[in-house]
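Enquirer: Here you go, sequence then predicted model.
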Amino acid sequence: MPLNAENTEYGSLPGAGLSGGPGDAEAAPLFAPEPVQKWRPMSQEELEAVAGGPGWRKARCYLVLLFWLSWLVILATAVAIIVLSPRPEAPELRWWQRTLFYQLRPQMFSPPGGSQGLSALSEQLPFFSSLGIGALILEGLFDKKPSPLNLHGINEDMTTIQHLLSKSNKANLKVVLDFCDLDLSGTQDDTGEERSNLSSSTQHAVRFWLEQGVAGFSICDSDEVYTEKTLLEWRTVFKEFGNQEEERIVLVKQTGDILLPQRTSSHSNITLINVIMRSILPQSHHLLTVQKVAEAIETHLQTQEEHIWLSWTIGGKVSRNLKRLLLVLTMTLPGSPVIQHGEVDQIQNVSLPVNGKSDEQSDASAGEETSTRSNLALFTSLSHSRAREEALLYGSFTFLPFNTSNMIPSNSTAPSPTNPPILAFLRSWGCVHFIILLNVGPVPHALDPAWAQSLPEAGVFVSSTGQDRLGSTSLYALKLQPYEAIVIKLFQGGSYS
């Protein structure tokens with residue numbers, strides 16, 4: 001049967017939904033396109049409906065719980081770090097370890113235009129207290145005769161002394177009587193007969209002064225009473241008066257380079273002594289050279305003792321250029337500073353009239369007043385810094401040695417006997433560090449960055465001999481002027497703690 005190719009529709013079956021015309025099958029897409037939906041934000045009603053669902057409520061509860069648990073974990077970790085981290089334990093200091101001593105002779109204390117002696121001293125007690133002074137060591141109250149503790153041997157009126165002790169108590173000042181170089185042993189009386197009741201008489205006199213409110217006594221290590229027996233007897237009497245805060249003390253003045261042993265003991269029983277007063281400079285009738293001063297300071301800085309409590313005084317004679325430097329050193333060394341009368345003048349003592357004087361005399365008077373006020377400002381700054389800074393009060397001590405290669409003199413000259421190297425030491429408590437720099441020589445010096453690389457570089461000035469150093473500083477950009485001492489509080493970069 002013949003096939004009519006033109007009329008046949010083989011292979012041209014129309015699909016569903018197609019027109020069925022020629023070529024429509026090839027033009028039709030294999031898959032129907034899905035309808036495209038445009039995105040639109042949810043309405044307020046739709047959002048409230050979804051947020052109020054149980055799934056979102058549970059998710060929010062989990063997130064809030066996770067936040068508070070994380071916060072509590074961070075807080076507990078911080079507390080644990082603070083509690084478990086090692087920190088220095090503050091020692092319990094007695095009053096004589098915290099205080100600043102001022103030693104003077106009442107007979108030489110006479111402000112212009114006022115009374116003299118103990119009466120004038122009584123009027124100045126509030127002023128002393130405002131400077132940070134905590135105790136007075138009174139010298140010259142007794143005649144240097146056998147048994148001077150007899151009340152008839154006192155150079156001052158007893159009523160005046162009692163008035164001074166009463167006012168000192170109100171001004172929160174302790175009073176220590178000086179027995180140094182007095183013949184307290186009195187082995188013989190005026191007739192040359194041996195005194196068998198000396199011990200009981202001495203204890204009676206000591207008890208009498210303690211009843212008056214005296215805080216203690218000072219003796220020399222060269223005195224005859226510097227014996228274990230006498231100190232034990234005094235300790236027995238001391239126990240009858242006051243508690244730890246009102247503890248009575250024995251202060252021993254060291255007269256030589258080393259502390260002499262007690263006369264009746266094979267070893268020095270330092271437990272019977274509260275404070276040992278030591279001079280920074282050797283005693284001399286003439287001004288000490290710069291080299292002698294530098295050697296004496298360096299010797300003491302290298303031989304710090306920890307088993308005894310020291311009080312420091314300047315001791316020897318020096319030029320005016322070094323007095324302020326030694327004052328800074330005395331106030332920053334470990335121990336209790338002892339300031340001698342005359343080392344820090346009073347403001348009341350510099351009210352010098354200039355009328356009727358020549359121009360040179362007026363200029364000299366004005367210059368003296370300016371210098372005295374500057375000395376007092378330096379002393380007040382050091383006293384208040386020591387009272388509020390734990391590192392200066394009972395911090396550890398570290399001597400920082402210098403070598404010739406570590407020194408950078410501004411004039412590029414090598415060190416010489418008249419140009420000693422600068423001295424430095426560190427007082428540290430916890431993470432707080434104070435560095436004290438001393439330029440004893442007449443030549444300016446800068447610090448080499450390689451000198452002490454472990455120290456923080458930045459710091460802030462606390463005090464200086466010229467009272468002209470203020471604000472923050474870089475330790476290695478610092479240049480010390482001749483005869484200058486500087487106290488700097490070091491801190492890590494970006495921290496002023």
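Expert: Happy to help now that I have it. Numbering: from 1, shown residues only.

Enquirer: Can you show me the helices along the stretch 51-200 of the chain?
Expert: Remark: helices assigned in the stretch 51-200 of the chain by DSSP state H, counting those that start in this stretch are 54-84, 95-98, 117-123, 125-130, 158-170, 198-211.

Enquirer: packing partners for the first one?
Expert: Applying 3 or more CB pairs under 8 Å, 6 or more residues apart in numbering; DSSP states H and E, we find helix 54-84 packed against no helix or strand. Every C-beta, even on glycine, is put in place using the N, C-alpha and C of the backbone.

Enquirer: In that helix, which residues are buried?
Expert: For helix 54-84, the neighbour count (16 or more other CB atoms under 10 Å) marks no residue as buried.

Enquirer: returning to that earlier point: mind telling me which of the helices of the stretch 51-200 of the chain the model trusts least?
Expert: When the helices of the stretch 51-200 of the chain are ranked by mean pLDDT, helix 198-211 comes last with a mean of 80.

Enquirer: in that helix, what's buried?
Expert: Applying 16+ other CB under 10 Å to helix 198-211 flags L198, T202, Q203, A205, V206, W209, L210 as buried.

Enquirer: what's the burial count for H384?
Expert: Neighbourhood size, H384 [other CB atoms under 10 Å]: 13.

Enquirer: Who are the contact partners of it?
Expert: Taking CB atoms under 8 Å, 6 or more residues apart in numbering, we find H384 in contact with G132.

Enquirer: isn't there a helix covering it?
Expert: Yes. Counting by DSSP: H, G, I helix; E, B strand; the rest coil, H384 is part of a helix.

Enquirer: What does the pLDDT read for it?
Expert: 93.

Enquirer: so how far is L288 from S319?
Expert: For S319, the distance to L288 equals 9 Å [CB to CB, to the nearest Å].

Enquirer: Those two - which one has more neighbours?
Expert: Between S319 and L288, counted using other CB under 10 Å, the more crowded position is L288 (20 against 12).

Enquirer: residues in contact with stretch 316-330?
Expert: Contacts of stretch 316-330 (CB under 8 Å, 6+ apart): 279-288, 290, 293, 296-297, 312-314, 337-339, 343-344, 375, 378-379, 382, 436, 438-440, 463-465, 482-485, 487.

Enquirer: Oh, that last question was meant for stretch 40-51, not what I typed.
Expert: W56.

Enquirer: Please repeat the previous calculation with a cut-off of 10 Å.
Expert: Here stretch 40-51 makes contact (CB atoms under 10 Å, 6 or more residues apart in numbering) with W56, R57, R60.

Enquirer: quick one: average pLDDT of it?
Expert: Rounded mean pLDDT across stretch 40-51 is 74.

Enquirer: what helix or strand does the spatially most central residue of the chain sit in?
Expert: Centroid check for the chain by CA atoms, centre = their mean gives L392 as the closest residue, at 1.9 Å. Assigned by DSSP states H and E, L392 belongs to helix 390-394.

Enquirer: which helices and strands sit right next to that helix?
Expert: Judged by 3 or more CB pairs under 10 Å, 6 or more residues apart in numbering; DSSP states H and E, the packing partners of helix 390-394 are helix 95-98, helix 320-332, helix 359-388, strand 423-429, strand 432-439, strand 484-491.

Enquirer: for the ones you listed, which one sits closest to Q304?
Expert: Proximity to Q304, assessed across those by CB to CB, is greatest for strand 423-429 (8.9 Å).

Enquirer: partners of that closest one in the sheet?
Expert: Strand 423-429 pairs in its sheet with strand 396-400 (antiparallel), strand 432-439 (antiparallel), by DSSP bridges.

Enquirer: And that strand, what's buried?
Expert: L423, A424, F425, L426, R427, S428, W429.

Enquirer: can you give me the mean pLDDT across it?
Expert: Strand 423-429 carries an average pLDDT of 93.

Enquirer: Render the CA-only coordinates of it in PDB, please.
Expert: Taking Å, rounded to 0.1, in the frame of the first residue of the first chain, the C-alpha atoms of strand 423-429 are listed here in PDB:
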ATOM      1  CA  LEU A 423      74.200  56.800  91.800                       C
ATOM      2  CA  ALA A 424      70.800  55.300  91.700                       C
ATOM      3  CA  PHE A 425      68.600  52.900  93.600                       C
ATOM      4  CA  LEU A 426      65.000  51.500  93.300                       C
ATOM      5  CA  ARG A 427      62.300  51.300  95.900                       C
ATOM      6  CA  SER A 428      59.600  48.800  94.900                       C
ATOM      7  CA  TRP A 429      56.300  47.600  96.300                       C
END
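
Enquirer: Low-confidence stretches in the stretch 301-450 of the chain?
Expert: Applying pLDDT under 70 to the stretch 301-450 of the chain picks out residues 345-372, 403-418.

Enquirer: How about the stretch 151-300 of the chain?
Expert: Counting by pLDDT under 70, the stretch 151-300 of the chain contains low-confidence residues at 151-156, 184-199, 242-245, 263-270.

Enquirer: re earlier: tell me which of the strands paired with strand 423-429 lies nearest to E92.
Expert: Per CB to CB, nearest to E92 of those: strand 396-400, 16.7 Å.

Enquirer: ok, back up a step: name the residues that touch the helix holding L392?
Expert: Under CB under 10 Å, 6+ apart, the answer for helix 390-394 is 88, 90-93, 97-98, 331-335, 382, 385-387, 426-434, 436, 462, 487, 489-490.
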